[in-house]
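Peer 1: structure for the following, please:
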Amino acid sequence: TRAPLEEWVLWRDENVLHEVDLWIEHMDWWMEQYEQPHLLVISYEKIVLNSWELHRLFYFLSNDEKVAQHMEPQEVYIDCIWDLIVNNKIMEGEKQRRQSHRDVEYTYTPEQLEYVIQKLIVKRDEYETISPMVHKLLIKYIDDAVQAKVKLAQKYT
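Peer 2: Sure, this is the predicted structure:
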């Protein structure tokens, strides 16, 4: 469920820069803990597009004996779980509640977007040779932030 726009704007202005920094720290921590064969890079955006990312995650986790011993061996449920979560196949009242603020556009300020862009550029350059997968994902995030900034500028000109 999304917060009402006014409350979200207050939260955004108070927290977004710190949240970006936390996201960067989170990414760095994972990148420092594991090397390529022991690291799986998945993005939220790909997970919600199709269930294949969950299959990749299942295969990746099942190759770790410590993790695999706690997993249900039935991969067949992945598509059902993905469909249930992503397509909101839940009780009708809950579905309506979740969609109550979907028609409102939640945006960031140009300054906030520029902050995100600059942080991502630094990380993109840092991970270029360390992890091509992370590098590619950061390029996409930079492009998305630049497009959002351009769209915002066009809206107010």
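Peer 1: helices of the protein, start to end?
Peer 2: Applying DSSP state H to the chain gives helices spanning 5-33, 44-49, 52-62, 65-68, 77-86, 92-98, 110-127, 132-155.
Peer 1: so for the shortest one, what's the average pLDDT?
Peer 2: By that I understand helix 65-68. Model confidence over helix 65-68, given as mean pLDDT, is 74.
Peer 1: output the contacting helices and strands for that helix.
Peer 2: helix 52-62 (3 or more CB pairs under 8 Å, 6 or more residues apart in numbering; DSSP states H and E). Where C-beta positions appear, they are placed from N, C-alpha and C, glycine not excepted.
Peer 1: now do the first one
Peer 2: Counting contacts by 3+ CB pairs under 8 Å, 6+ apart, the secondary-structure elements packed against helix 5-33 are helix 110-127.
Peer 1: before we move on, back to that, select, out of the helices of the chain, the one closest to V104.
Peer 2: Proximity to V104 (CB to CB) singles out helix 5-33 among those, at 5.1 Å.
Peer 1: and that closest one, what's buried?
Peer 2: For helix 5-33, burial by neighbour count (16 or more other CB atoms under 10 Å) applies to 12, 16, 20, 27, 31.
Peer 1: pLDDT of that helix, averaged?
Peer 2: The average of the pLDDT scores along helix 5-33 is 94.
Peer 1: turn the helices of the chain into JSON lines, columns for distance to V104.
Peer 2: Listed next are the helices of the chain as JSON lines, based on distance: least, CB to CB, whole Å:
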{"stretch": "helix 5-33", "distance to V104": "5"}
{"stretch": "helix 44-49", "distance to V104": "20"}
{"stretch": "helix 52-62", "distance to V104": "28"}
{"stretch": "helix 65-68", "distance to V104": "40"}
{"stretch": "helix 77-86", "distance to V104": "21"}
{"stretch": "helix 92-98", "distance to V104": "13"}
{"stretch": "helix 110-127", "distance to V104": "18"}
{"stretch": "helix 132-155", "distance to V104": "14"}
